[in-house]
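>>> Using only what follows, build the 3D model:
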Amino acid sequence: MNNNVNNNTDNSKDITDNNKDINNTNNNTTITTNITNNINISVNKRDIKKLHNSDIKDIEYSPYGIFTSSRDCTIKLHTYELETYMEYTCDNSYINSILYYNSNRDMRDGRSSNRSDIRYNSRGMNDDNRSNINDNTNNNTTTDNNITYTNPNNNNTTITNKDNKNNKEFLLAGTQKGNIYIFNDIFDVNNKIIIPAHSDNICSLDYYNNYILSSSWDKTVILFNKETNEVERRIEHPTPVWKAYFIRDNHNKCNHNKRDDNKCNDNINNTNTTTNKNINRIITCTTDGVIRIIEYNKYYQYNISNNCIRTFVYKNNILYIGCNDGKLLKLKCNINDVKDKSKDVSNDSDLTYTNPNNNTNIKLTDIKKYDN
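Numbering: from 1, shown residues only. Model prediction:
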């Protein structure tokens, strides 16, 4: 395990620390805890549940409820009331990153791509097509004509899903061993594809226009084509990469007269390989305190901190950056202007953009660093 990523200290405080007798109270008890000197929050005991046997590594929202992944080597799906009804396993290693994708709703970007009126009730089900679901409290099963929702503790029942024929959706999981798992049927835990993507723990996952983007402690970012099942690019970094994120259409507008997000293609290194322009623009953060913005054979970096950068969010031309020292940085950053400041390294012998099957990788270590 890399020392650079293992030097953080967990200073978090259990929300129940101020209430030692919580287990002796009823479910309607309101817990009030002081988070800072000025802010108090109140939480009902029924909204605090132990769902895993070890620390929870990631959380994803979905129309079916909340996905959680854990060091206990499982992914679990819970209703919005935090009742677990599905469990997934991967390669017997802890699951650091998960991602749920639904083509009718971009859960990660918060936008509805095809429908703006989708509503979800408290059980995590779509009100439009699951309004007739009834609870059967005797066997912990909820059913309609196509779906059976069951508590995973009941091994005599099966959870199936035939409701998504016209909806592209799947669950991604990145494991400690460096494998990416693709569950193409949310309700079939055995229907999974395994991608041996990395040699170490996968830190983050993103998905956009049929491409999976993953980052890892092995100091690489991988671009995987989900349609062809091929790794198209492998981008090396000098230190472990905590997060990699696609710059989406709403961040970067194509310069075509007629905009077509699915046909915004460009050429890489004058080869015959064409790839969607926006999936070639990514942001990464690493343990050396650097934010990198990468486009084709161009690269720009912000030297942010002497501490590890764990995560970031990009919105409205602003990067919010979270560091190991507890600092949150706000950086004004217009992605569309980055290309004008980037160094063109297309003729640099130390930098190549080719298919990793040719054993050539893009290397960032020898490129001149740019300070903001």
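
>>> Show residues contacting stretch 203-214.
96-99, 101, 108, 172-174, 180, 195, 197-198, 202, 215-217, 221-227, 232, 240-246, 248, 261-262, 276, 278-279, 282 (Cβ atoms under 8 Å, 6 or more residues apart in numbering). (Each C-beta comes from the backbone N, C-alpha and C, glycine too.)

>>> same thing but at 6 Å, please
For stretch 203-214, the external contacting residues (Cβ atoms under 6 Å, 6 or more residues apart in numbering) are 97, 99, 101, 172, 174, 180, 197, 202, 215-216, 222-224, 226-227, 242-246, 276, 279.

>>> just stretch 308-319 next, same as before
By Cβ under 6 Å, 6+ apart, stretch 308-319 touches 242-243, 285, 287, 289, 320-324, 331-334.

>>> ranges for the strands of the stretch 201-350 of the chain?
In the stretch 201-350 of the chain, strands defined by DSSP state E, counting those that start in this stretch lie at 202-208, 211-216, 220-225, 230-236, 241-246, 265-267, 274-276, 281-286, 290-295, 298-303, 309-315, 318-323, 328-332, 343-344, listed in chain order.

>>> In terms of mean pLDDT, which of the ones you listed ranks lowest?
Lowest mean pLDDT within those: strand 265-267, at a mean of 27.

>>> Hmm, Lys57 is touching Ser69, no?
Yes. The criterion here is Cβ atoms under 6 Å, and Lys57 meets it with Ser69 at 5.1 Å.

>>> Those two - which one has more neighbours?
Ser69 (26 against 21; other Cβ atoms under 10 Å).

>>> show me what contacts the more buried one?
57-58, 75, 95, 98.

>>> what's the answer for Phe224, then?
Per Cβ under 6 Å, 6+ apart, neighbours of Phe224: 212, 231.

>>> hey, what's it bridged with?
Ile212, Val231 (DSSP bridges).

>>> Okay, it and Tyr85: tell me how far apart.
From Phe224 across to Tyr85, the span is 30 Å (Cβ to Cβ, to the nearest Å).

>>> now do Thr74
From Thr74 to Tyr85 the distance is 13 Å (Cβ to Cβ).

>>> same thing with Val189?
12 Å.

>>> who has more neighbours, those two?
With neighbours defined as other Cβ under 10 Å, Val189 and Tyr85 compare such that Tyr85 has more, 23 against 17.

>>> what's the helix or strand for the more buried one?
Using DSSP states H and E, Tyr85 sits in strand 84-89.

>>> in that strand, what counts as buried?
84-86, 88 (16 or more other Cβ atoms under 10 Å).

>>> Name the nearest of those residues relative to Arg46.
Sorting the buried residues of strand 84-89 by distance to Arg46 puts Thr84 at the head of the list, at 14.5 Å, by Cβ to Cβ.

>>> Wait, that closest one touches Ile75, no?
No. The pair Thr84 / Ile75 is not scored as a contact, 10.7 Å apart, by Cβ under 6 Å.

>>> still on that earlier bit, can you tell me which of the contacts of Ser69 comes closest to Leu51?
Using Cβ to Cβ, those come closest to Leu51 at Ile75, 10.9 Å.

>>> need the contact list for that closest one.
69, 88, 95, 173.

>>> The last one should be in a strand, yeah?
What that stands for is Ala173. Yes. Counting by DSSP: H, G, I helix; E, B strand; the rest coil, Ala173 is part of a strand.

>>> That one and Ile59, how far apart?
Ala173 is 13 Å from Ile59, by Cβ to Cβ.

>>> more crowded one of those two?
The neighbour comparison of Ala173 against Ile59 (other Cβ under 10 Å) goes to Ala173, with 27 against 11.

>>> That one: what's its closest spatial neighbour, skipping adjacent residues?
Spatial nearest neighbour of Ala173, chain neighbours left out: Tyr181 (4.2 Å); criterion: Cβ to Cβ, 6 or more residues apart in numbering.

>>> circling back to that earlier point, go through the strands of the stretch 201-350 of the chain and name the closest to Leu51.
strand 202-208 (20.6 Å).

>>> Could you check the pLDDT of the closest residue to Lys327 other than its chain neighbours?
Closest residue to Lys327 apart from its sequence neighbours, by Cβ to Cβ, 6+ apart: Ser305 at 7.2 Å. As predicted, Ser305 sits at a pLDDT of 70.

>>> Count the residues that sit near Ser305.
Neighbours of Ser305 using other Cβ under 10 Å come to 18.

>>> And the one 10 residues further on, by the same measure?
Around Lys315 there are 11 other residues, counting by other Cβ under 10 Å.

>>> Can you tell me how far it is from Leu329?
In terms of Cβ to Cβ, Lys315 sits 14 Å off from Leu329.

>>> Ser214 too?
Counting by Cβ to Cβ - Ser214 and Leu329 are separated by 24 Å.

>>> Among those two, which residue is more densely surrounded?
Neighbours were counted for Ser214 and for Leu329 using other Cβ under 10 Å; Ser214 has more, 27 against 15.

>>> From one end of stretch 212-225 to the other, what's the distance?
By Cα to Cα, to the nearest Å, the extent of stretch 212-225 from end to end equals 6 Å.

>>> what sits against the nearest residue to Phe183 once chain neighbours are set aside?
Among residues not flanking Phe183 along the chain, Leu171 sits closest, at 4.2 Å (Cβ to Cβ, 6+ apart). Contacts for Leu171 (Cβ under 6 Å, 6+ apart) come out as 100, 183, 186.
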